[in-house]
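1. next come a sequence and a model predicted from it.
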Amino acid sequence: MTPENHSPPPFVGLANLLTGNFVAGALAGLAQLGIADLVAAGPRSPADLAREIGADASALYRLMRATASVGVLAEQEDGRFAQTPLSDCLRRDARPSLRDLAIMGGREWGALGWSQIEYGIRTGKPSVDKVYGMPIFEYMAKHPEEAAIFNGAMTALSAIDSPAVAAAYDFSGIGSLVDVGGGHGLLLATILAKTPGLKGILYDLDFVVAGAPEGPLAPYMDRCSLASGDMFASVPAGADAYIMKHIIHDWDDERCIKILKACRAAVNPGGRLLVVDSVIAPGNGFQPAKFLDLQMLLIPGGLERTEAQFRALFAAAGWRLSRIVPTMAPDSILEGEPI
């Protein structure tokens, strides 16, 4: 007889889903302890590693056993743990390294923000503001150690999606490009490397762009200038295109419209707007952006948007959404033309 194939009852499936924060927390601990770096040269035992880092051997084994169950490390028959492709991404010198992103998942501000999700849903306001009495970016400015982890995580994500953006979109017809809120310029540098005739302007806060000449833009400073200011009020004028990656999703519609209107006022005739963000698809299918959307609600107060929401946002700022270009990363490029 063929055995019956019984699906687990719904409560089992839900219970499994509820362990998601356990997995993220374990990966944060693994990253904080630097285990991926220590096993890079070959398999190591938890007892050996515990002596090196000053940890409890039994507790460390339990941590490594747990992460190995989701493919981050691999436990061997002799009790040692070996590197896997997933754990390799947690090395400090991995390219890209997701170590800071993993550590960020275990920071207090994120956990406290999610602990107040009822407040966020009932009010529509970021719960971090309630917890700390200030917006998250103000909190980061007052806690440089947290800002360093956050910036490292954002750089890692940019190292993943910047090549995808440069590969998906044809920048050859653009003479000048402003990267609005571009940090140290990894996206702009990636685009300049692929487009020899292009000139770029990196635009961000003054203390941010101060570090750009020693960053990814260093080889392209002959084709790039730096500018600083308040993107909600104005952006450098006279460029053919304005690009912003993971900027719009940080803010509510009112503040996004201010940014997009500033770009509309500054762009050359016939120029373009390029917004790089996730686009939430219709239907019930799983999409990480649907959960990132909740993170945006609870932490900075922004949101991930659907195509219809982007179209309305563009129109309110004087742009027409002309097309959406998918990339190999989870993000798309939303192209706008002046109305």
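-> That came through fine.
2. SS state for R95?
-> Taking DSSP: H, G, I helix; E, B strand; the rest coil as the rule, one finds R95 in the coil state.
3. contact partners for the nearest residue to it once chain neighbours are set aside?
-> Distance criterion Cβ to Cβ, 6 or more residues apart in numbering; nearest residue to R95, sequence neighbours excluded, is A159 at 7.0 Å. Any C-beta I mention is one placed from the backbone N, CA and C, and that applies to glycine too. Going by Cβ atoms under 8 Å, 6 or more residues apart in numbering, A159 touches 95-96, 186.
4. using TSV, lay out these together with neighbour count.
-> As requested, the contacts of A159 are arranged in TSV below (neighbours: other Cβ atoms under 10 Å):
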residue	neighbour count
R95	8
P96	16
L186	23
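5. looking at this structure, which strand is longest?
-> strand 267-277 (DSSP state E).
6. can you list the strands that that one pairs with?
-> Sheet pairing of strand 267-277 (DSSP bridges) gives strand 239-245 (parallel), strand 332-338 (antiparallel).
7. would you mark the buried spots in it?
-> 267, 271-277 (16 or more other Cβ atoms under 10 Å).
8. repeat for stretch 31-44
-> Across stretch 31-44, burial judged by 16+ other Cβ under 10 Å covers 31, 33-39, 43-44.
9. farthest-separated two in the residues you listed?
-> Within these, two members stand farthest from each other by Cβ to Cβ: A31 and P43, at 19.0 Å.
10. which element is the closest residue to T190 other than its chain neighbours on?
-> Among residues not flanking T190 along the chain, S162 sits closest, at 4.2 Å (Cβ to Cβ, 6+ apart). For S162, the element it lies in under DSSP states H and E is helix 144-168.
11. what strands line up against whichever helix or strand comes after that helix, and which way round?
-> Counting by DSSP H and E, the element after helix 144-168 in chain order, helix or strand, is strand 176-180. Using DSSP bridges, the strands paired with strand 176-180 in its sheet are strand 199-204 (parallel), strand 239-245 (parallel).
12. mind putting the ones you listed in CSV, distance to F171 and mean neighbour count included?
-> Shown next, in CSV, are the strands paired with strand 176-180 (distance: least, Cβ to Cβ, whole Å; neighbours: other Cβ atoms under 10 Å):
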stretch, distance to F171, mean neighbour count
strand 199-204, 10, 24
strand 239-245, 8, 24
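13. these into a markdown table, with extra columns for mean pLDDT and distance to G211?
-> What follows is the strands paired with strand 176-180, written out as a markdown table (pLDDT from 0 to 100; distance: least, Cβ to Cβ, whole Å):
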| stretch | mean pLDDT | distance to G211 |
| --- | --- | --- |
| strand 199-204 | 97 | 10 |
| strand 239-245 | 98 | 18 |
